[in-house]
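> after the sequence you'll find the predicted model.
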Amino acid sequence: MTAHPTPAAAAPAARAAAPWLRVRWRIFLFLFGFGAMAYVQQRSLTVAAYQMMPQLGLSQMQIGWLQSAFLIGYAAMQFPGGVLGQRLGARAAFVLISLVAFAATLVTPLAPLLLGGTMLFAVLLAAQLLCGCAQAPIFPLSAGVFEEWFPPLQWPLVQGLQSMGLGLAAAATPPLVAWLMIRFDWQRALLWSTLPALLLIGGWARYGRNTPAEHPAISAAELAELPARTRPADTGAISWRRIWALVRNRDVLTLTVSYLCMNYAFYLLANWCFLYLVQERHFTVLEGGWLAGAPPLAAALGAGAGGRLASACTVRFGITRGLRLVPLVALPLAAMLLLAAVNASNPYFAVAALSLCFGCIETTEGPYWAAVMHVAGEESMAACGFLNTGGNVGGLIATPIIAWLSGQHAWTPVFIVGAAMACAAGLAWLWVDPVRAAAR
């Protein structure tokens, strides 16, 4: 990554803005939008599945395979996507992957107009695989942008706020898609919910930059607030030697295993809540759509609060203890809430427990990603890609298990495994030290 020039060498800028209007926060809003749109595109399928299954002759297990196809692509391209981002730069990479994801998303509502049976299912599988591959680099790329544009003590905050955007999108998607399905049909629901992505891509192509030094609107004062980069400009293309060092790093590996365990519970709540409420708790489609939005909304609030709390804790207790504190408390609490939800006799109490559980889980997003950024330094894109590979392997493990058990109406084992995985994820943080490498 390139070194920042001195303020005197910076591009001329307009007058300095208030902190919340600074260029880095405008850049953040684009990343917030990319993450939110990705979650709208991902989560729409599980809601639309309620009408897709009878109309297209698909089983619940086949819907699970569609989700698995997405996750295979998503998991497989995390680390390569991070490496690609370091080679291309975030500006070009975001435009490329977002256009591919948009095109792949359109296949699901349009393909049934031309195809049916086995051929249709094969095309839907391929589209989900391609969409997963395209969306995979979003968060590794975002980590690299945050590393360039924000001071280290704000890394948990911006990571948590971006995760809050995901939660808000996930909360809005079930009622939005359910309403569109009731008002029109599932195909137009999927089509119209993804069209805003084109506006976001165009805006980023015009305004986004790889580094603060490249942006024509940044002021010398804002540039001076950021830590200087020491790496020469010609070393941006990450080498195989540096890649190998990352994947062998003790803290990167521990965080990745922990993130894998946590994501079993995450994918349970993010992808299967709507069907659980409709099938097991017997809510109507529209009521289930609104209630299924409650856990992601709580997750959004938890992510923002967790990022803010983790940033405050790193200031007060130091990086290692400050980043450990939130997951060590939140993940065991999430496990208890999962068990409370599945055993609740009152369905509305179950929704409340699921919502609190998802909020607890998402408080840890900022600490996870910030910890890897501290470990990896200027290799943040690649290292965060490796972290998210582990996270999505957790989703790959969870999805077929949940699809099969839920198809048998055996939700209790699903939740018990989720509780155990959440506890394991929290305990792993006892072995994490994000500043270990810097201390040597």
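Now that the structure is in, tell me what you want to look at. Numbering: from 1, shown residues only.
> residue contacts, the nearest residue to residue 394 once chain neighbours are set aside?
Leaving aside its sequence neighbours, residue 394 sits nearest to residue 263 (C-beta to C-beta, 6 or more residues apart in numbering; 3.3 Å). No exception for glycine: its C-beta is placed from N, CA and C like everyone else's. By C-beta atoms under 8 Å, 6 or more residues apart in numbering, the contact set of residue 263 is 390, 391, 392, 393, 394, 395, 398.
> go on, residue 46?
Residue 46 sits in contact with 63, 67, 271, 272, 274, 275, where contact means C-beta under 8 Å, 6+ apart.
> any idea how far residue 54 is from it?
To residue 54, residue 46 is 15 Å away according to C-beta to C-beta, to the nearest Å.
> likewise for residue 161?
In terms of C-beta to C-beta, residue 161 sits 39 Å off from residue 54.
> neighbour count: those two, which is higher?
residue 161 (23 against 8; other C-beta atoms under 10 Å).
> which SSE is the more buried one in?
For residue 161, the host element (DSSP states H and E) is helix 155-183.
> ok, so of the contacts of residue 263, who is nearest residue 173?
For the contacts of residue 263, the residue nearest residue 173 by C-beta to C-beta is residue 395; the value is 17.0 Å.
> just checking, the closest one touches residue 70?
No - between residue 395 and residue 70 there is no contact under C-beta atoms under 8 Å: 9.1 Å.
> okay, those two: which has more neighbours?
Each of residue 395 and residue 70 has its neighbours counted (other C-beta under 10 Å); residue 70 has more, 29 against 24.
> single out whichever of the contacts of residue 46 has the smallest pLDDT.
Within those, residue 274 has the lowest pLDDT, namely 67.
> pull the number of nearby residues for residue 400.
Quick note: residue 400 (other C-beta under 10 Å) scores 15 neighbours.
> same thing with residue 60?
The burial count for residue 60: 15, using other C-beta under 10 Å.
> hang on, isn't residue 394 packed against residue 256?
No - in this structure, residue 394 is not within contact of residue 256 by C-beta under 8 Å, at 9.9 Å.
> helix, strand, or coil at residue 216?
coil (DSSP: H, G, I helix; E, B strand; the rest coil).
> quick one, phi/psi of it?
With angles defined as degrees, to the nearest 10, residue 216 sits at phi -70, psi -20.
> for residue 303, same thing?
phi -60, psi -50.
> switch the contacts of residue 46 over to TSV; also include secondary structure and neighbour count.
Output for these, formatted as TSV (DSSP: H, G, I helix; E, B strand; the rest coil; neighbours: other C-beta atoms under 10 Å):
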residue	secondary structure	neighbour count
63	helix	24
67	helix	26
271	helix	24
272	helix	22
274	helix	25
275	helix	22
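> return the closest of those with respect to residue 366.
residue 271 (21.9 Å).
> list the buried residues for stretch 308-316?
Residues of stretch 308-316 classed as buried: 308, 309, 310, 311, 313, 314 (neighbour count, 16 or more other C-beta atoms under 10 Å).
> tell me the mean pLDDT for the longest helix seen in the chain?
Looking across the chain with DSSP state H, the single longest helix is helix 23-56. Average pLDDT, helix 23-56: 85.
> how many residues are close by residue 214?
Neighbour tally, residue 214, other C-beta under 10 Å: 14.
> go on, residue 435?
15.
> one more: residue 152?
17.
> that one and residue 182, how far apart?
From residue 152 to residue 182 the distance is 47 Å (C-beta to C-beta).
> same check, this time on residue 396
Taking C-beta to C-beta, one finds residue 396 at 32 Å from residue 182.
> compare those two (neighbour count), which wins?
Neighbour tally, residue 396 and residue 182, criterion other C-beta under 10 Å: the higher count belongs to residue 396, 20 against 13.
> residues touching the more buried one, list them.
68, 71, 72, 75.
> what about 6 Å?
Neighbouring residues of residue 396 by C-beta atoms under 6 Å, 6 or more residues apart in numbering: 71, 75.
> lowest average confidence, helix or strand, in the protein?
helix 436-439 (a mean of 56; mean pLDDT, DSSP states H and E).
> CA atoms only for stretch 306-323 - export them in CSV, please.
Provided in CSV are the C-alpha atoms of stretch 306-323 (Å, rounded to 0.1, in the frame of the first residue of the first chain):
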residue,chain,number,x,y,z
GLY,A,306,-20.2,-3.6,20.1
GLY,A,307,-17.9,-1.6,17.8
ARG,A,308,-18.2,1.5,19.9
LEU,A,309,-17.7,-0.4,23.2
ALA,A,310,-14.6,-2.3,21.8
SER,A,311,-13.1,1.0,20.7
ALA,A,312,-13.6,2.4,24.2
CYS,A,313,-12.2,-0.7,25.8
THR,A,314,-9.1,-0.6,23.7
VAL,A,315,-8.5,3.0,24.9
ARG,A,316,-9.0,2.1,28.5
PHE,A,317,-7.5,-1.4,28.8
GLY,A,318,-5.2,-1.7,25.8
ILE,A,319,-5.7,-3.5,22.5
THR,A,320,-5.5,-7.1,23.7
ARG,A,321,-7.7,-6.9,26.7
GLY,A,322,-10.0,-4.3,25.2
LEU,A,323,-10.8,-6.5,22.1
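> and it, how far from the chain's centre?
21 Å (C-alpha atoms, centre = their mean, to the nearest Å).
> number the chain from 509, please
Noted, 509 is the first residue going forward, which turns the last one into stretch 814-831.
> for the nearest residue to residue 539 once chain neighbours are set aside, grab the count of nearby residues.
Nearest residue to residue 539 in three dimensions, chain neighbours excluded: residue 650, at 4.7 Å (C-beta to C-beta, 6+ apart). Number of residues near residue 650 (other C-beta under 10 Å) recorded here: 26.
> and the pLDDT at residue 650?
Looking at residue 650, the pLDDT reads 88.
> any regions of the protein where pLDDT drops low?
509-529, 735-748, 751, 782, 786-787, 790, 792-798, 800-801, 945-948 (pLDDT under 70).
> can you do 50?
In the predicted model of the chain, residues 509-527, 738-744, 947-948 satisfy pLDDT under 50.
> was I right to think residue 576 contacts residue 907?
Yes - counting by C-beta atoms under 6 Å, residue 576 does reach residue 907; the two are 5.0 Å apart.
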